[in-house]
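Colleague: generate a structure from the sequence data that follows.
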Amino acid sequence: MPKSILIAEDSTPVRKLIVRYFKNNTDFSVCGEATTGREALAKAAKLRPDLIVLDMRMPEMSGLEVAPLLKQKLPASPIILFTIYDTPSLKAKKPEGVDFVLSKSEGLEQLANEAELLLA
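Modeller: Residues are numbered from 1 along each chain as shown. Just a heads-up that it's a prediction; the model follows:
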């Protein structure tokens, strides 16, 4: 059975690109999409994904705000913060609830690789 993934990204073109990549190039099943931090919380509670990909900047709640709340609800589900922001400083000071920080400039293949590693 494929591992399920929830994609939380407020940019529709970026979110659709991530979803399409995972559907076409991995064994993951995209179980849901969210455009806000609050929506990510609600969908994660309902769908119980194996892995969550969070954007850092989203309406209502940022990825940094929602990650610890998600980790409380789903402690076994790894969370990847996928961001355009300063990942070296974020990686050095790993945000609460986040299992891995990845720059969007590193690409979708690297995102999929990290997802596989976190669930291995």
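
Colleague: in a helix, that's where residue 58 is, yeah?
Modeller: No: read with DSSP: H, G, I helix; E, B strand; the rest coil, residue 58 is coil and lies in no helix.

Colleague: ok, it - contacts?
Modeller: By C-beta atoms under 8 Å, 6 or more residues apart in numbering, the contact list for residue 58 reads 8, 9, 10, 35, 36, 37, 40, 66. Just so you know, the C-beta spots here come from the backbone N, C-alpha and C atoms, and that holds for glycine as well.

Colleague: switch the cut-off to 7 Å
Modeller: 8, 10, 36, 37 (C-beta atoms under 7 Å, 6 or more residues apart in numbering).

Colleague: give me the pLDDT for the third one.
Modeller: You'll see residue 36 listed with a pLDDT of 96.

Colleague: equivalent analysis for the second one, please.
Modeller: Listed pLDDT for residue 10 reads 95.
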